[in-house]
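A.B. asks: what would the 3D arrangement of this be:
(chains A, B and C)
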Amino acid sequence: MDSAIQQKTSRRVRAIEVTTKILFLVCSLVAALTLLLIIFFIFSNGIPAIMEVGAINFLTGRTWTPTHSTNPQFGMLPMLYATFISTIIAFILGSKIGKWGAIYLMFFCPKKIYRPIKTMVELLGGIPSVLYGFFGVAVILPFIRNNFGGTGNSLLAAIIILTMMILPTIINLGEAAIRAVPNHFYEGALSLGASKTESIFKVVVPAAKGGINGAYILGIGRAVGETMAVIMVAGNVSRMPGTLGDFFQTSTLLAPVRTLTSGIAMEMSYASGLHRDTLFGIGVVLFIIIISLNLTLAILNRNQTNYAKES
Amino acid sequence: MSSKRKIINILNHARVYFGIGVSLAILLSILLLIIINGIQSLSFEFVFSLSAPRGFSLMPMIINTFIIVIFALVIALPLGIGAAIYLNEYAKPNSNVVKVVRACIVTLSGIPSIIYGLFGFLFYVIALGWTWSLRAGIFTVSIMILPILIRSTEDALRAIPVSYRMGSYALGAGKFHTIRKVVVPAAINGILASVILSIGRVVGETAALLLTAGTLLDMPQNLSSSGATLSVFMYLITVEHGDMQRAYATALVLMTFVLGLNLLANFIARKLKKV
Amino acid sequence: MTAFEINNVNLFYSDFQALHDVNLKVNKHEITAFIGPSGCGKSTLLRALNRMNDLIDGCRVEGEVLLNGVDIYKEMDVNVLRKRVGMVFQKPNPFPMSVYDNIAYGPRVHGIKSKPQLNEIVERCLRDAAIWDEVKDRLKKSALSLSGGQQQRLCIARSLAVQPDVLLMDEPTSALDPISTAKIEELVIQLKKQYTVVIVTHNMQQATRISDNTGFFLMGEMIEYGKTSDIFSVPSDKRTEDYITGRFG
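C.D. replies: Numbers count the residues shown, from 1 in each chain, chains lettered A, B, ... in the order given. Sure, this is the predicted structure:
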């Protein structure tokens, strides 16, 4: 090759290199900027509304009557309560069942049927929330209605749906966490005379704690953020038990509730003015909850041995 | 073994079979419920008719879904692949840019869809004045699928051996050429799987689209028309119309789409592992 | 005739100095072998010759490396350099594409698009690498379906396709069985008619079998450099003698 041509092509190549590198950098910056944009828009609309209502009023008020003509009330406590209680109970149920399912996949599933079963669990995670909601309407609500009375739209229905929805998250991530535990933990325990289940439940699973906790947190995140399925079954009445005594009545489980997410989605289409901005205020609260969960996860990952992360 | 240990042993067996049993039972009951009732309610006209009255043909919703999927990919795919390439191929692994961008992406992927919906509503529908429209929906879901695309493309790129890149550099190829001709083609299955997963996510998305693309059940005229996707229609027909027969039929169509996409992504990802 | 002239080269990975004051000349159309224990810097020096070390963060080179009298670090575009100085790696690394596309990759990088010309290059390089007969019926098949030894010869053919002056080989047979190794060694000897070869090897027999000159490295220093026959029969340095008689390394 003639050296003049060579120089020209190499200059062209260098120009392409620099341009493409900048282009790719811009792509990743755009991805990061969208987060900032989201935060900016939601906070800049939500925070002033919270201020106008008064942060304390907003967070601890028990009455939500945003369209009242003379004295609208913006108390979101019942929604916080509903999100909190439905998530906690669904988590208590789902985390156990999910962890057991993960252990089954890892240690008890015969090789031949592993693929189909794993695929089914993955499909469970792929079912869109609106179909879970539909399942709730078609099966769970009639079941509650027929056995316990009422319309069926209730906290209980929300809990059942959420438990179902966080299962695949916990099974899949939990299995990955358990799989990442080095084999010698299991073999070591067996060689000391522990039975199969003892080795698994007392040695391997505790060793996978870091990763399993990560799975739990993502499961909680999914339950807190779930919208459609909950709207379809929870009844969406912004109310909560008046006293601690009421709380322990079975009627509490059968009462309709409204979560943070369903509160936003239900009213967004017709809200305006301060009412609409308070919905962004709820968005701010929801966002803060989700971010705190993410941070917890990050801290967990840093402090605990997470074999899944290391491999 | 002592009798106490035996009992615990049996109990633990019961636990794990219960765990997987409940999960599979949930899947099977959802599938069976929808398939059995859906097939009875499904008709050719209900899916394909172009002249049926509003809400009695899924065709407009299928077209809306299709439009949103295609355009969202057109926006998000180049961005996602570009970002993944930058993070994996160009940036120094522990540089601050990478740390910040990664943290943002992880956060994005944890944000519930209702928050995306709120943002899309505020930004596209209100601030940009696009009203409820397909394009507001498109731009909203393209942000939602961005983290999925970036993370799985990155995984796919990371799986490509360094030796491929070295081989290419040693022949005098530049970095971009190497990425375009060797690295990306080798990662194409993983990228494809991520694309299909993203499509599944968009097809199944409801909350964010309810707030941005609206609920109109007509054929779209253009990208500024409001239009319900299959999932949004699924919600409307169940909750607002309360027509279970059409709901079952819609559920069957929606489920077929979403699970078909999931199975396909699964299949491609597994093929990738074997190579 | 000298292909490479290496003058006072010091090479650093951040704070660690991997090469100390290396001086040597690589003759054209000869095979030069670098030997020495693991971590002695022989591969590092090899990679300095086509600037593969540029890809490592914090790597810094002092001194000069001249290719036909031109400083490759100061006066030459890195991609042009790598076109003229090909490299074969320790583990065969064919691209996950067809045999044909593997060979055509390099020429395409450097702007050759015409199909007949590419066909000609592919056949010639595969013949030169003594693998044509084995793959001529499966040019469209994936290169990953070949055996390890075939893959390595394919990689050699791939580097020949950009018509380099020099071929660098980084322990090219260490991942191969003895029969494949013998084939590659035979091939390397054939190649020196047209190319200059620099080979890093762990295997001292290999160095004696194929190389004309040998450099012995220890802890980043070049201890001794000379005719292979001299180095292995009358080493002038005690450390070289210890190494080749198997007292360490």
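A.B. asks: excluding residues flanking it in the chain, which one is nearest B:Ala83?
C.D. replies: Once flanking residues are discounted, B:Ala83 sits nearest to A:Ser28: 3.8 Å by CB to CB, 6 or more residues apart in numbering or on different chains. Where C-beta positions appear, they are placed from N, C-alpha and C, glycine not excepted.
A.B. asks: against which helices or strands is the host helix or strand of that neighbour packed?
C.D. replies: Here A:Ser28 sits within helix A:3-53, counting by DSSP states H and E. In terms of contacts (3 or more CB pairs under 8 Å, 6 or more residues apart in numbering or on different chains; DSSP states H and E), helix A:3-53 is packed against helix A:273-303, helix B:59-85, helix B:96-110, helix B:113-120, helix B:134-158, helix B:175-178, helix C:78-84.
A.B. asks: between that helix and helix B:134-158, how big is the angle?
C.D. replies: Angle, helix A:3-53 to helix B:134-158, by axes from the mean of the first three to the mean of the last three CA atoms, to 10 degrees: 120 degrees.
A.B. asks: mind checking the pLDDT average for the helix or strand following helix A:3-53?
C.D. replies: Downstream of helix A:3-53, the next assigned helix or strand under DSSP H and E is helix A:55-60. Helix A:55-60 carries an average pLDDT of 91.
A.B. asks: which other residues reach helix A:55-60?
C.D. replies: Here helix A:55-60 makes contact (CB atoms under 8 Å, 6 or more residues apart in numbering or on different chains) with A:50, A:74-77, A:80, A:278, A:281, A:285.
A.B. asks: buried ones only from those, please, as a PyMOL command.
C.D. replies: Buried subset of the contacts of helix A:55-60, written as a PyMOL selection, criterion 16 or more other CB atoms under 10 Å in any protein chain shown:
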select buried, chain A and resi 50+74+75+76+77+80+278+281+285
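A.B. asks: which helix or strand contains the spatially most central residue of chain B?
C.D. replies: Geometric centre of chain B, nearest residue: B:Arg201, 2.0 Å, by CA atoms, centre = their mean. According to DSSP H and E, B:Arg201 maps onto helix B:188-204.
A.B. asks: flag every buried residue along that helix.
C.D. replies: Across helix B:188-204, burial judged by 16+ other CB under 10 Å covers B:189-204.
A.B. asks: for those, which one is nearest B:Ala159?
C.D. replies: B:Gly190 (6.7 Å; CB to CB).
A.B. asks: the closest one contacts B:Ala159, doesn't it?
C.D. replies: Yes: applying CB atoms under 8 Å, one finds B:Gly190 in contact with B:Ala159, separated by 6.7 Å.
A.B. asks: returning to that earlier point: can you put the contacts of helix A:55-60 in TSV and add pLDDT?
C.D. replies: Converted to TSV, these look like this (pLDDT from 0 to 100):
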residue	pLDDT
A:Ile50	94
A:Phe74	91
A:Gly75	90
A:Met76	91
A:Leu77	93
A:Leu80	94
A:Thr278	94
A:Gly281	95
A:Val285	96
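A.B. asks: any idea how far the residue nearest to the centre of chain B lies from chain C?
C.D. replies: B:Arg201 is 29 Å from chain C, where distance means CB to the nearest CB, to the nearest Å.
A.B. asks: grab the nearest non-local neighbour of that residue.
C.D. replies: Distance criterion CB to CB, 6+ apart; nearest residue to B:Arg201, sequence neighbours excluded, is B:Ile145 at 5.8 Å.
A.B. asks: residues from chain C in reach of chain A?
C.D. replies: C:77, C:79-80, C:110-111 (CB under 8 Å from any CB of the partner chain).
A.B. asks: quick test: name the residue nearest the centre of chain C.
C.D. replies: Central residue of chain C (CA atoms, centre = their mean): C:Leu168, at 1.6 Å.
A.B. asks: pretty sure that residue is in a helix, no?
C.D. replies: No: looking at C:Leu168 with DSSP: H, G, I helix; E, B strand; the rest coil, it is strand, so not inside a helix.
A.B. asks: show me the beta-bridge partners of it.
C.D. replies: Residues in a beta bridge with C:Leu168, per DSSP bridges, are C:Met87, C:Val198.
A.B. asks: contacts only, for it.
C.D. replies: Neighbouring residues of C:Leu168 by CB under 8 Å, 6+ apart: C:46-47, C:49-50, C:85-88, C:198-199.
A.B. asks: between the contacts of helix A:55-60, which is closest to chain C?
C.D. replies: Comparing the contacts of helix A:55-60 against chain C with CB to the nearest CB places A:Val285 closest, at 43.7 Å.
A.B. asks: where does chain A have low pLDDT?
C.D. replies: Within chain A, the segments meeting pLDDT under 70 span A:1-9, A:304-311.
A.B. asks: what about the strands in it?
C.D. replies: A:64-65, A:73-74 (DSSP state E).
A.B. asks: got the domain ranges for chain B?
C.D. replies: Following automatic domain parsing, chain B resolves into domains at B:3-41, B:45-274.
A.B. asks: got these as JSON lines, with mean pLDDT columns?
C.D. replies: Shown next, in JSON lines, are these (pLDDT from 0 to 100):
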{"stretch": "domain B:3-41", "mean pLDDT": "94"}
{"stretch": "domain B:45-274", "mean pLDDT": "92"}
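A.B. asks: those residues of chain C touching chain B, which are they?
C.D. replies: C:50, C:52, C:55, C:57, C:79-83, C:86-87, C:89, C:91, C:93-97, C:105-106, C:108-110, C:155, C:158-159, C:161-162.
A.B. asks: my read: C:Gly149 touches C:Ile184, true?
C.D. replies: Yes: C:Gly149 is within contact range of C:Ile184, at 7.1 Å (criterion: CB under 8 Å).
A.B. asks: tell me, what's touching the two both at once?
C.D. replies: When contacts are counted by CB under 8 Å, 6+ apart, C:Gly149 and C:Ile184 have C:Leu176 as shared neighbours.
A.B. asks: returning to what we had before: between the residues of chain C next to chain A, which is nearest C:Glu5?
C.D. replies: Closest to C:Glu5 out of these is C:Val80 (18.2 Å), distances taken as CB to CB.
A.B. asks: quick one: residues contacting B:Gly55.
C.D. replies: Here B:Gly55 is in contact with B:217, B:233, B:237, B:241, B:246 (criterion: CB under 8 Å, 6+ apart).
A.B. asks: wasn't it part of a helix?
C.D. replies: No: membership of B:Gly55 in a helix is not supported by three-state DSSP, which gives coil.
A.B. asks: good, wrapping up.
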